[in-house]
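Visitor: Need a 3D model of the following:
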Amino acid sequence: MIRRIIYGKSALKNDLIGYLFFKNNKKQNLPLILILATIHGDEVEGLWLLDHFEIPWRVKFPYSNVNVLVIPQANPDGVALKQRTNGNKVDLNRNLPTLDWSAEKFNDRYPPGPFAGSEPENKALMELIDLYKPKGILTLHSFKDPQINANGDDDTGVMDLANYLFEVSPYKKITRGDEMGYPTPGCLGTYAGYERKIPTITYELRRGDHVDNILESIPVVERFIEFFNNKF
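Guide: As a prediction, the model looks like this:
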């Protein structure tokens, strides 16, 4: 079953939409995991990947022990404008109020905003996380160097999760936190994974790849859900 959720408005007043999938009405209060894409609006590869699941899940959601909240467009302004940033020209993945947030713009591509947590998309996402308390988060991005980026201390189990995904991933590289090679203050991985102890995977698909190649990562999304479905 599916429930459509409008959890806020973007900077340009577009609806922020999530889709809650669950087995049946008796299963609405099961542990929940969160999967989201297009925090960066020009990284549409994750959106292609999530599109694969929506139609069959509407007919039959296959998991009995967890519910899944899917946010295909965490940055609808950026998707519509085909740009990395939101409608205020802020990089949402440098704007969350993490302990390491910085007003310094390390690169012209990464404007962090006027203050931590300034953007409506992030305010809504933080409220959503507080409300649903996800047991795990998968955030889909794209990068020239595709990889599984694990966010969280060892006691969160995030490395067990990352290694489980690695077995089926077409990208044979696992990194931790900031090991991507450049600073990421204010990112979701730090906000959720390290500071709130929610095992968080930032899955970097190969940027600019053909959709058929992107869909080779379907088993990664399935495994992410199975990891938690088998746990509870």
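Visitor: who does the residue nearest the centre of the chain bridge with?
Guide: Of all residues in the chain, the one closest to the mean position by Cα atoms, centre = their mean is T139, 2.0 Å from it. Beta bridges link T139 to L36, T202, judged by DSSP bridges.
Visitor: quick one: it from L125, how far?
Guide: 10 Å (Cβ to Cβ, to the nearest Å). C-beta coordinates here come from the backbone N, C-alpha and C atoms, glycine included.
Visitor: so what sits against both of the two?
Guide: Residues touching both T139 and L125 (Cβ atoms under 8 Å, 6 or more residues apart in numbering): 36, 188.
Visitor: My read is that V221 contacts F53, right?
Guide: Yes - between V221 and F53 there is a contact at 6.8 Å, judged by Cβ atoms under 8 Å.
Visitor: how distant is the helix or strand bottoming out on mean pLDDT in the chain from the center of its chain?
Guide: When the helices and strands of the chain are scored by mean pLDDT, DSSP states H and E, helix 45-59 comes last with a mean of 93. Centroid displacement of helix 45-59 relative to its chain, using Cα atoms, centre = their mean, to the nearest Å, is 14 Å.
Visitor: Tell me where the chain has helices.
Guide: Under the criterion DSSP state H, the chain carries helices at the ranges 45-59, 76-81, 120-132, 158-166, 188, 211-214, 218-231.
Visitor: quick one: furthest residue from the center of this protein?
Guide: Max distance from the centre of the chain (Cα atoms, centre = their mean): K26, 26.7 Å.
Visitor: Would you mind listing the buried residues in stretch 49-67?
Guide: 49-50, 53, 57, 61, 63, 66-67 (16 or more other Cβ atoms under 10 Å).
Visitor: Contacts for the least confident helix or strand of the chain, please.
Guide: 2, 19, 21, 35, 37-38, 68, 70, 72-73, 79, 140-142, 203, 205-207, 209, 211, 214-215, 217-218, 221.
Visitor: Apply 6 Å and report the result again.
Guide: Contacts to helix 45-59, defined as Cβ atoms under 6 Å, 6 or more residues apart in numbering, come from residues 2, 21, 37-38, 72, 140, 142, 205, 211, 214, 217-218.
Visitor: Then stretch 60-78?
Guide: So stretch 60-78 is contacted by 10-12, 14, 18-23, 30-39, 41, 47, 50, 79, 85-87, 92, 121, 225, 228-229, 232 (Cβ under 6 Å, 6+ apart).
Visitor: Tell me the buried residues in stretch 122-132?
Guide: Neighbour-count burial for stretch 122-132 [16+ other Cβ under 10 Å]: 122-126, 128-129, 132.
Visitor: Distance to T190 added to those residues, as TSV?
Guide: Shown next, in TSV, are the buried residues of stretch 122-132 (distance: Cβ to Cβ, whole Å):
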residue	distance to T190
N122	13
K123	17
A124	19
L125	14
M126	13
L128	17
I129	13
Y132	19
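Visitor: so who does K144 touch?
Guide: R207.
Visitor: how far away is it from G181?
Guide: 11 Å.
Visitor: same thing with A162?
Guide: 17 Å.
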